[in-house]
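[1] Build the 3D model from these lines:
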Amino acid sequence: MLLLSLLYLCVHTMPRAWGKLNTDFPNYYLSARIAHEGSDTARLYEWVWLQREKDHRALDARLIGLIPITPFSTLVMWPLTGLAPLTAKHVWLLVNLALLVPLCWLLRSLTGLSYQRIALVFALSFPLHRNLLYGQFYLLLLLIIVGACWAYLREYYVLAGALVAIAAAAKIFPVLFFIFFLQRRAWRALVSGAVTGMAALGVSVAVFGWNLHRTYLHEILPWTLRGEGLPPYATASASISSVLHYLFLAEPQWNPQPWHSSPLCYALLQPTLQVLALAPAILLIRRQDRGQGRILMEWSALLVASLAISTIPASYNFVLLVLPVCVLASELLRREWYGWLSVLLIVYLGIGFPMRSPTQMVGPKILLYVPRLPLTLALLLGIYILPRRDQGAEDSSWDWTQYAWMAAMAAALIFSVHSSLRLERAVRQEYAYRLPLATQALLAAHPGSQGTEVRYLAFTQSGYHLFWQDQEALWLHPAADDDLSFAGTSVDIWVERGLSPHSAIVNLREPARTVVNDAREPMLSADGQSLAFVRDHSGRGQLMVRRGFRSDDASEVPLTTPSINVYEASFLSEKEYAFSAVENGRPPQIYLTDGVHADAALPLGEARYPALSPDGRWMAYSHLEDGVWNLWLRDQSAGSTRRLADVPCNQIQPAWEDGSKTLFYGTDCGRSLWFTAVARRQVIP
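    Take a look at the predicted model:
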């Protein structure tokens, strides 16, 4: 079996991994490379922005995105950024194969299993093949976690705490191992972990800047913890969150007819099941029992529990099961329970085995199609039960810490149920404004209109493409390159093409002719004679205008200074425009130029996505509050503002309809973070 598995690895997996970038290696590599080149990194989590940077560097990857990866984890690619992307992946694959050597040595030291049996556990891991194919991070993470366990058992507490802190800085969930240190009063490990964690955060902020980390903490992490960092209705992830989304939460495009539409059921079940899965791993930690077998079981329980309650578990995550499976196999061999060892092997293979999700609604039977979740919970139950068979009466007594943890988890459960119910009911208020689009895109960005047409950029499996539709038909611009932004009239549409080494703006009527080179986000003036755009220098945007852009002797003029990093803009004329920008590392603000202001920051707080109405009377924009962007409206003559919506999700990229009374915008309510759909709302009576 071992030889056949190794043959499959060498003949099938490695050639596929070696010959192509695939996802997710480009996500790590590109982020580290952008930082290494000294470019501005504050917008790394924005889908379209990162796709543009990928196109500029000609990475051979169709789609790219950093969510929900932490900035710190991408630093592992820092030494490889000087290499070509595919060469860098080759080096990374060789490093991953080399990591198997210390992993096998550590696992043998911890469990006493032979190298042959440990190698078999790795070889039978389908997630290992996914790690190599995608160039993922989890073999390194497994080495760090196993190394921390080994260090703790050898009483190298400072090293154990430092390793856990590094793992948590990279992937968040290993922070649960600090509970293990706390329960066992390993104060040196806790202090070491805290110091190392702060150092890791300091290094990450020094490399990527504070704004990116602020975005992660305030916007990315909350959505990820509730299972909406990535599309939550993809049951292939087989998380508790995704299965419950699929069964109980309606979404007009992704899940229009759930088995039983009930935000209440979701709000009750999601945190309850997570707490029930995690609580025994915490409550069964026994400080008095310092046996190696007991510690290995407790460590394994926390690791499997973290995978069971994970909101976005991908197949490659489960290579981490090598540690608990080796621990259980060693214990079952010691007891000569060969029948249960066979059951363990079947469960292990079933958790990692790739299976396709059903194409139609099957209700609760979904668990039969995605058995990873019930099998992971079964494995976790086995880890909980096994140590108790040898536990004496004196070992089963609780001290005050167990009761304190029970009270804390009960309080967290009540709070989570209440907040989840309030949130899920609130986000569905936005469904009334959603437009029924004909495309099955993951994301519809930069919506706008022209007459009866609705135009938007759609994020599909083949990239980003311009779509437009009216009541009768749907049209697609089938470009080989990405369409990343656009502006237009009823006759002409100017599109930003994501090319290497710079984006270019072209007219769809003459796609072979470049209108403006090294430019993004075209904006047509009200009189149709000028084309404004943003030009980047090392990731920092500058607002420009091309006068008389239809002629060959057109001239370009900068509208902002290089000290201001322009994110996006709205342009009516050279005397009337607004833009959002960052200056001196502060949060983004909106600047206005008109008869009164001259590139002055408006007192709107943290705000982005300005949209001036065609008549110049209003400016719509998005304001960040409590981690979400909601629409606001500013009266340009009076300077007064009012909120258009108060929902716990994002409303971004507004655009005015002709008549200056109605807005089109992107909304991710009920979906996942920044995977927007198109909505339409009348804001002026």
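
[2] Just say helix, strand or coil for Asp483.
    At Asp483, secondary structure determined by DSSP: H, G, I helix; E, B strand; the rest coil is strand.

[3] and the gap between it and Arg608?
    Computed with C-beta to C-beta, to the nearest Å, the distance linking Asp483 and Arg608 is 21 Å. In this view, the C-beta of every residue, glycine as well, is placed from N, C-alpha and C.

[4] Helices of the stretch 1-150 of the chain, start to end?
    Using DSSP state H, counting those that start in this stretch, the helices of the stretch 1-150 of the chain run over 2-8, 14-19, 25-36, 47-56, 71-74, 85-111, 115-123, 126-134, 138-153.

[5] could the ones you listed be laid out in TSV, adding mean pLDDT and distance to Trp632?
    As requested, the helices of the stretch 1-150 of the chain are exported to TSV (pLDDT from 0 to 100; distance: least, C-beta to C-beta, whole Å):
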stretch	mean pLDDT	distance to Trp632
helix 2-8	91	57
helix 14-19	94	48
helix 25-36	95	31
helix 47-56	94	22
helix 71-74	96	29
helix 85-111	96	41
helix 115-123	95	54
helix 126-134	94	41
helix 138-153	97	42
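
[6] Just put those in TSV and tack on mean neighbour count and distance to Pro364.
    Shown next, in TSV, are the helices of the stretch 1-150 of the chain (neighbours: other C-beta atoms under 10 Å; distance: least, C-beta to C-beta, whole Å):
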stretch	mean neighbour count	distance to Pro364
helix 2-8	12	34
helix 14-19	14	35
helix 25-36	24	34
helix 47-56	22	33
helix 71-74	24	35
helix 85-111	17	37
helix 115-123	17	32
helix 126-134	23	25
helix 138-153	22	30
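
[7] I'd like to know which of the ones you listed lies nearest to Arg509.
    helix 47-56 (22.6 Å; C-beta to C-beta).

[8] ok, back up a step: among the helices of the stretch 1-150 of the chain, which comes closest to Thr641?
    It's helix 47-56; of these, that one is closest to Thr641 (C-beta to C-beta) at 26.7 Å.

[9] which residues touch that closest one?
    With C-beta atoms under 8 Å, 6 or more residues apart in numbering as the test, helix 47-56 has contacts from 26, 30-31, 34, 39, 43-44, 61, 63-67, 443, 445-446, 457, 459, 463-464, 481-482, 484-485, 498-503, 520, 539, 674.

[10] want to throw the helices of the stretch 1-150 of the chain into CSV with distance to Val647?
    Listed next are the helices of the stretch 1-150 of the chain as CSV, based on distance: least, C-beta to C-beta, whole Å:
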stretch, distance to Val647
helix 2-8, 49
helix 14-19, 43
helix 25-36, 29
helix 47-56, 21
helix 71-74, 28
helix 85-111, 40
helix 115-123, 47
helix 126-134, 35
helix 138-153, 35
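
[11] so which of those gets nearest Leu212?
    For the helices of the stretch 1-150 of the chain, the distance to Leu212 is smallest for helix 71-74, at 5.9 Å, taking C-beta to C-beta.

[12] Could I have the CA atoms of that closest one written out in CSV?
    Only the C-alpha atoms of helix 71-74 are listed here, as CSV (Å, rounded to 0.1, in the frame of the first residue of the first chain):
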residue,chain,number,x,y,z
PRO,A,71,-0.5,38.9,5.9
PHE,A,72,2.0,37.3,8.1
SER,A,73,1.6,33.8,6.5
THR,A,74,2.6,35.2,3.1
